[in-house]
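Enquirer: What follows is a protein structure lacking sequence information:
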């Protein structure tokens, strides 16, 4: 028997936690980051334009369907750490 299942794009765990769904969102964000490296690492593109691109293309992927999560500090910290790693 599985301890989680996917329903309408969300991962629902048996114990009611959101760890699997959070990890899935983080993986999706990194996937989008890797697909956009051509823009983000190009030296000819201005820094403020890269930031705008990040805020419109990558950040929404990380936050998709998270507005109704009952998060803990651990989950918020994890998302912050991912964002800081991406900025480096």
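Expert: Arrived safely. Model, not experiment: these values are computed from the prediction.
Enquirer: And the helices in the chain, which stretches?
Expert: Per DSSP state H, the chain carries helices over the ranges 19-35, 37-40, 47-53, 59-63, 73-87.
Enquirer: helices and strands around the first one, which ones?
Expert: I take that to be helix 19-35. strand 10-13, helix 59-63, helix 73-87 (3 or more CB pairs under 8 Å, 6 or more residues apart in numbering; DSSP states H and E). C-betas here are computed from N, CA, C, even on glycine.
Enquirer: ok, back up a step: how about TSV for the helices of the chain, with mean pLDDT, mean neighbour count and distance to residue 3 added?
Expert: Shown next, in TSV, are the helices of the chain (pLDDT from 0 to 100; neighbours: other CB atoms under 10 Å; distance: least, CB to CB, whole Å):
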stretch	mean pLDDT	mean neighbour count	distance to residue 3
helix 19-35	81	16	9
helix 37-40	84	12	34
helix 47-53	88	11	37
helix 59-63	81	15	24
helix 73-87	80	13	18
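Enquirer: follow-up on the earlier one: which stretch among the helices and strands packed on helix 19-35 comes nearest residue 30?
Expert: helix 73-87 (7.7 Å; CB to CB).
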